[in-house]
Every structure is written in C-alpha cells, then in structure tokens.
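Undergrad: here is the input, now give the coordinates:
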Amino acid sequence: MDTNTSVEEAVVYDLVVVGLGPSGIEATLEASKLGLKYISIESEKIGSTFTNGMLEKKFLHDYGTNKAGKMLGLLSFADRSTGRELVLGWKEQLSKSNVTENTRLNKITKEGDIYNLGCSNCTLKSRSVLLTTGIFENPIHLHVDGELNNQNISYTLDYSKQPEGKRVLVVGGGNSAAETALTLFGMNEVSLIVREGEMATSVTERNRKDLMDAEKNGGIKIIYNTEVKEVKSDKVMANGTNGEQELAYDNIYIHIGFEKPDDWLLKMGIKTLDGKPVLDDNFETSLPNVFITGSLAGTNSIIDSANQTVAVIKKISESVLKL
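TA: Just a heads-up that it's a prediction; the model follows:
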C-alpha cells in the first residue's frame, strides 16, 4: 500500500473520505482543520483524473454550474491553473494529512451505527463516510458499426499527446467537446458534430464565444442536427438535416458523456433514481451519515464540488460533537 498515513483498522474513525479529487481533498483539509479522526483513501493517486491526460489543460473558475463563485474552503485553485499546477499544489497541501493511495473501496456494510468499509487492502470502521469518487471511468459510446476497437477513436483528450496536421472529428455538444475542438483547431482541420441544433446549455459563455469565433474565422466547422451512423476506416457516415454526409478523418474524439454509476452505488446499498444517487439537501444518501459530493453528485466544476464538501464536513463535525 502506497501511503503517507498509518491505517488503524482497530479504531473507529469519525469519517472516511473516498476519493482524492477536488471534493475529497477539500474534505480532507476541512476534517483536519476541525479535528476529526479521519482517513482519506484513493483508488489510484492524488488527483488522478487530472494526471491521466489533463496535466496541460487550463482549468477556469467560471465553468459549468459555477459562475466565478468564490472558494469557501481551503482547496488551492488559482484561475487558469494547469492540471499539473493543481496536482502539485494539492499534494503539497496534503503532505501532512491522513491519506492513503492505491486503496479501492469494494463494499460498505453497517453494524449498529458503525460502517465497515471493505477496501482492497484493509478494513476500516467509521461513523460517517463521504464518497467523492469521480464518474469518468466508462464513457458512453455511439454504438455504431466501426466504432469498437477503432484505434483512431478516443473518448478523452490527452493534452500531452495532441495530434497535429490531422483531419479531426469531434462528436458532442457539451463543454468537453467544445474544449477539445478549441484545443486542436489551428494545428488540425477540425469539424464538430452536434446532434442537436445548438450547443448544450451547460457550455460556458467563454467556450461558446471562443467556439463561435473559431467557426466565424473558419477554424472549426460545426455541423448541427447531425448524428454519426457508421465509422469506416477513413471516413464517417453521418445523417442530418442536410441529408447523408461522408466526413473524412484521421482522429475522432467522442464526448457524449459517461455511463451512470448505478451498479457501483447499488452495490454500496445506496438508492438511485435515473442512474443518479438519491440525495437530500445536505448531500446525504439513503444510508444515514453516508454523503456524496462532487461529480458523483452531478457537480461539474471544481469550485462547486469543493464548496459542497465544506458544508458536508461541517455537518459531520457537528454530529460527531453530539456523540
């Protein structure tokens, strides 16, 4: 077990934090500040979502549901920081915290008021649990002929391995699709295929403006009301309001979302509705004292994720003081 902590399996923690992305890191910092007996676990490495291909990407305060709101907690996040800068800063912030990496949560069971957490390499006991694991594990596929095992199709953009001089097709109408198109145009011939008649309402004003400017200047071709029907070795067959089209490609990036984490949540004993966890106003699940924040709770910005967590840890701390 890679760790900078001592895992005490015989004791009962006040809190176990699962996941060390922005929400989990904020939770760890808040728990330490409030004097909770806690441990934070991560299935990979600290900030792994950012290190797995987004080290060079710049992250903005004004993003998704967050409209440049202020950070309420302790998480370090300067506007327009790269993934590399964020992870380095977060590791420094956690240097004296009770965290362990390469530890995956497999199951949750309850014994009285105490939860037993079966992990890949230990068993933990805790009065409360905060799940901050991401949802970016199983991207949604188009499920069309020619997609499966196509080496030229990617579902995320690796910012350290960007193509140059290629014919690039980006499929999707959200922020991820917009950002991939904006990142790759100029170095490549980029076309953006959008199923609807406009970009999603979740697309930020900055991304929307930059996308429209790039389209106006001929840098990006946006094809609305169009769906991919088949992927061939060097071209995509698409159908839309302009009829059938053949679009040549060297690389395809598909950004149409991620599968809902029903199975994992249900395995943990957490009720879901339409693929999402059922949460109350305090982000508490159907299991008492088990909370969810961050992307698993439907949050799509670093600031919103961190701010949610500040409130949850405060509530957990107040509950512990009553014991």
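
Undergrad: can you give me the pLDDT of Gly69?
TA: With respect to pLDDT, Gly69 has a value of 87.

Undergrad: dead centre of this structure: give me the residue that sits there.
TA: By C-alpha atoms, centre = their mean, the chain has its centre lying nearest to Gly134, at 4.7 Å.

Undergrad: so Ile153 sits against Ile254, correct?
TA: Yes: applying C-beta atoms under 8 Å as the test, Ile153 and Ile254 come out as touching, 6.3 Å apart. Every residue, glycine included, has its C-beta placed from N, CA and C.

Undergrad: okay, those two: which has more neighbours?
TA: Ile254 (24 against 19; other C-beta atoms under 10 Å).

Undergrad: ok, the closest residue to that one other than its chain neighbours to Glu246 distance?
TA: Nearest non-adjacent residue to Ile254, counting by C-beta to C-beta, 6 or more residues apart in numbering: Val171, 4.7 Å away. Going from Val171 to Glu246 by C-beta to C-beta, to the nearest Å gives 15 Å.

Undergrad: cool, Val11 as well?
TA: Distance of Val11 to Glu246, computed by C-beta to C-beta: 64 Å.

Undergrad: cool, Cys122 as well?
TA: Cys122 sits 55 Å away from Glu246 when distances are taken as C-beta to C-beta.

Undergrad: these two - which one has more neighbours?
TA: More crowded of Cys122 and Glu246, by other C-beta under 10 Å: Cys122, with 16 against 10.

Undergrad: these two touch, right, the more buried one and Thr103?
TA: Yes: taking contacts as C-beta under 8 Å, Cys122 lies within contact range of Thr103: 6.7 Å.

Undergrad: pLDDT weak spots in the stretch 51-200 of the chain?
TA: 135-137 (pLDDT under 70).

Undergrad: between the two ends of stretch 223-234, how far is it?
TA: 18 Å (C-alpha to C-alpha, to the nearest Å).

Undergrad: no, scratch that, I was asking about stretch 108-121
TA: Using C-alpha to C-alpha, the end-to-end distance of stretch 108-121 comes to 14 Å.

Undergrad: the strands in the stretch 51-200 of the chain, which residues?
TA: Counting by DSSP state E, counting those that start in this stretch, the stretch 51-200 of the chain has strands at residues 58-59, 62-63, 66-67, 81-82, 99-100, 105-111, 114-119, 123-126, 129-131, 153-154, 167-171, 189-193.

Undergrad: for the ones you listed, which one ends up most surrounded?
TA: Most buried of the strands of the stretch 51-200 of the chain, by mean neighbour count (mean count of other C-beta atoms under 10 Å): strand 129-131, with a mean of 26.

Undergrad: what about it, distance to the chain center?
TA: 16 Å (C-alpha atoms, centre = their mean, to the nearest Å).

Undergrad: name every strand pairing with that strand and say which way it goes.
TA: strand 15-18 (parallel), strand 290-292 (parallel) (DSSP bridges).

Undergrad: Serialize those to TSV and add fields for distance to Gly64.
TA: TSV is the format used below for the strands paired with strand 129-131 (distance: least, C-beta to C-beta, whole Å):
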stretch	distance to Gly64
strand 15-18	23
strand 290-292	17
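
Undergrad: tabulate these (CSV), appending mean pLDDT, mean neighbour count and distance to Ser128.
TA: Formatted as CSV, the strands paired with strand 129-131 follow (pLDDT from 0 to 100; neighbours: other C-beta atoms under 10 Å; distance: least, C-beta to C-beta, whole Å):
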stretch, mean pLDDT, mean neighbour count, distance to Ser128
strand 15-18, 98, 28, 5
strand 290-292, 97, 26, 7
